[in-house]
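Okay, sequence plus prediction incoming.
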Amino acid sequence: MITGDIKNKVDAVWDAFWTGGISNPLEVMEQITYLLFIRRLDDEQTLALEKANLLGTPLEGNPFPEGIDDQGLPYNDLRWSVFKDRHADEMFEIVANRVFPFIKNMRGEESTYAHFMKDARLSIPNAGMLQRVVDRLDKVPMENRDTKGDIYEYLLAKIAAAGQNGQFRTPRHIIELMVHMTAPKPGDTIVDPASGTCGFLVGASEYMRANHADAINSGKGREQYHHEMFHGFDFDNTMLRIGSMNMLLHGIEQPDIRYRDSLAEANTGDAEAYSLILANPPFAGSLDYENTAKDLQQIAKTKKTELLFLALFLRLLKPGGRAAVIVPDGVLFGSSKAHKELRRILVEDQKLDAVVKLPSGVFKPYAGVSTAILFFTKTNSGGTDNVWFYDVQADGMSLDDKRNPLLDADKLGALAELSDDEHVKNNLPDVLRRWADRDGGELERARTEQSFCVPREDIAAQGYDLSLNRYKEIVHEEVEHRAPTEILDELDRLEKDIVDGMAQLREMLAGGAA
């Protein structure tokens, strides 16, 4: 989390766009992403030059060639550290007519970042605005990986705060919960088939750094972490650019971030390729049968994207692979044949581990739909004994459109240490703690509690309905009622008292008149 001076510097960059007339937050984010990529190239050039000078070897790994370009101008002009000090008009000429064409043609660099810059477009309209943006962005410290990641996350949060395109961003504390519950480990191959800004992949990468640093810092572990562990697909090029930069700024060298319609027939070549899925796929909309993979339709003959994505997850996971995915409540109790069959498959053919019900305000102000997180393991041979349910009633934020924090910053998220009074405002740490005990003490919890387990047989008897309210028992407080004759006697006494009172009042009024 960034605070104080750094936050003010990032806000100043954002404000430079808005005061300059670029008010679409997604366009602002895209332009900042381009400029950060350009700044990153300058850092790489500096490292390459320092290495060559130190070792006395030829220059290697340098994005900018030595010498001059086909216009007879030095490539060195394209470096951030060089053009940032030029006059505004000269800077604008260099960036618009030389730097952007250069990064668009960097297809020789085998990285997802270079690939998604191929249609980069500078939409900053004039030299004065570009100079203000470059000056302010240059003041933002980007040397430390953690700081870079936090800065980009803060910028992504500003997209949501602006009230547009929030559907691309799952709340960070929900991602944190899902990542810690699935506990990524060395050797995992992690995929988000609807990756957006790559929040889940970033969350998994940070978990790996915090819990498995030794395993990923050298040798094969490092190679697997930077080149094979993370995979993300989307069919929005803007999101792919932003997501790729998000991964880069969080220290991942070569993630597999690709353009793909995950449900399309053309993309069926990676069945059983992944060991962990973390996703919040799109809920709304229906798809034409002709545009979806036939093997998905065989699992769930439907046009509903949320069901097709569930079928996709089952196809992508290798045996033993696990998934944590957000679904709308309708998936849990829908009565269509496709709904029921998918739930039956999860319970009977695979291993359904848990259903964590989220409060309906989690995705406000963009959507008020009720959702849940499904946790399951692909076995192809069953294995569901008990399904663990948890009824999350508070996530640390207000459940209205404002989504204001209800606790101090150190009391938010899934890793906070809370008192019983604070738990009422943030259930997530309790979810994580009880999840770890789901095969122990949680099995003994009554269904009147906030979390409990339900045997597979009970779920099958309910037609594989997975809605928590189907199994949760409500404690009704016993109320003792008085006998009817006692109540009638009291009514008679009250009526007599009223009649007597009225008579006394009439006598008083009559005496006063006399």
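Happy to help now that I have it. Fair warning: this is a prediction, and the values are worked out from it, not measured in the lab.

make it CA atoms for all contacts and neighbour counts henceforth
Noted.

How are the strands of the stretch 351-500 of the chain distributed by residue range?
According to DSSP state E, counting those that start in this stretch, the stretch 351-500 of the chain carries its strands in the segments 351-357, 371-377, 386-391, 451-455.

Same list, the ones you listed, but as JSON lines with distance to residue 72, mean pLDDT and mean neighbour count please.
Formatted as JSON lines, the entries for those read as follows, by distance: least, C-alpha to C-alpha, whole Å; pLDDT from 0 to 100; neighbours: other C-alpha atoms under 10 Å:
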{"stretch": "strand 351-357", "distance to residue 72": "62", "mean pLDDT": "98", "mean neighbour count": "24"}
{"stretch": "strand 371-377", "distance to residue 72": "58", "mean pLDDT": "97", "mean neighbour count": "23"}
{"stretch": "strand 386-391", "distance to residue 72": "66", "mean pLDDT": "98", "mean neighbour count": "23"}
{"stretch": "strand 451-455", "distance to residue 72": "70", "mean pLDDT": "97", "mean neighbour count": "21"}
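
Those strands: which one's closest to residue 97?
strand 371-377 (47.6 Å; C-alpha to C-alpha).

Could I get the CA-only coordinates of the closest one as PDB?
Extracted as PDB, the C-alpha positions of strand 371-377 are listed here (Å, rounded to 0.1, in the frame of the first residue of the first chain):
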ATOM      1  CA  THR A 371     -21.900 -14.500  -5.500                       C
ATOM      2  CA  ALA A 372     -20.000 -17.400  -4.000                       C
ATOM      3  CA  ILE A 373     -16.500 -18.900  -4.300                       C
ATOM      4  CA  LEU A 374     -16.400 -22.500  -5.300                       C
ATOM      5  CA  PHE A 375     -13.300 -24.600  -4.300                       C
ATOM      6  CA  PHE A 376     -12.900 -27.900  -6.000                       C
ATOM      7  CA  THR A 377     -10.300 -30.500  -7.000                       C
END
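
Name every strand pairing with it and say which way it goes.
Partner strands and pairing direction for strand 371-377 (DSSP bridges) are strand 317-328 (antiparallel), strand 351-357 (antiparallel).

Which helix or which strand is home to the closest residue to residue 23 other than its chain neighbours?
Ranked by C-alpha to C-alpha, 6 or more residues apart in numbering and with sequence neighbours excluded, the top spatial neighbour of residue 23 is residue 17, at 7.1 Å. Assigned by DSSP states H and E, residue 17 belongs to helix 4-19.

List the buried residues for the helix or strand hosting residue 36?
Here residue 36 is covered by helix 25-55, with elements defined by DSSP H and E. By neighbour count, and taking 16 or more other C-alpha atoms under 10 Å as the criterion, the buried residues in helix 25-55 are 25-43, 45, 48-49, 51.

now the strands: where do they sit in the stretch 51-200 of the chain?
When secondary structure is read from DSSP E, counting those that start in this stretch, the stretch 51-200 of the chain shows strands at 190-192.

can you give me the helices for it?
Taking DSSP state H, counting those that start in this stretch as the test, the helices found in the stretch 51-200 of the chain are 80-83, 88-94, 100-104, 112-115, 127-138, 145-161, 172-182, 199-211.

Out of those helices, which is closest to residue 435?
With respect to residue 435, and counting by C-alpha to C-alpha, the nearest of the helices of the stretch 51-200 of the chain is helix 172-182 at 7.3 Å.

Output the below-cut-off pLDDT ranges for this structure.
Across the chain, the stretches falling below the confidence threshold (pLDDT under 70) are 1, 107-113, 160-168, 265-267, 284-291, 475-479, 512-514.

Before I go, just wanted to say thanks for your time.
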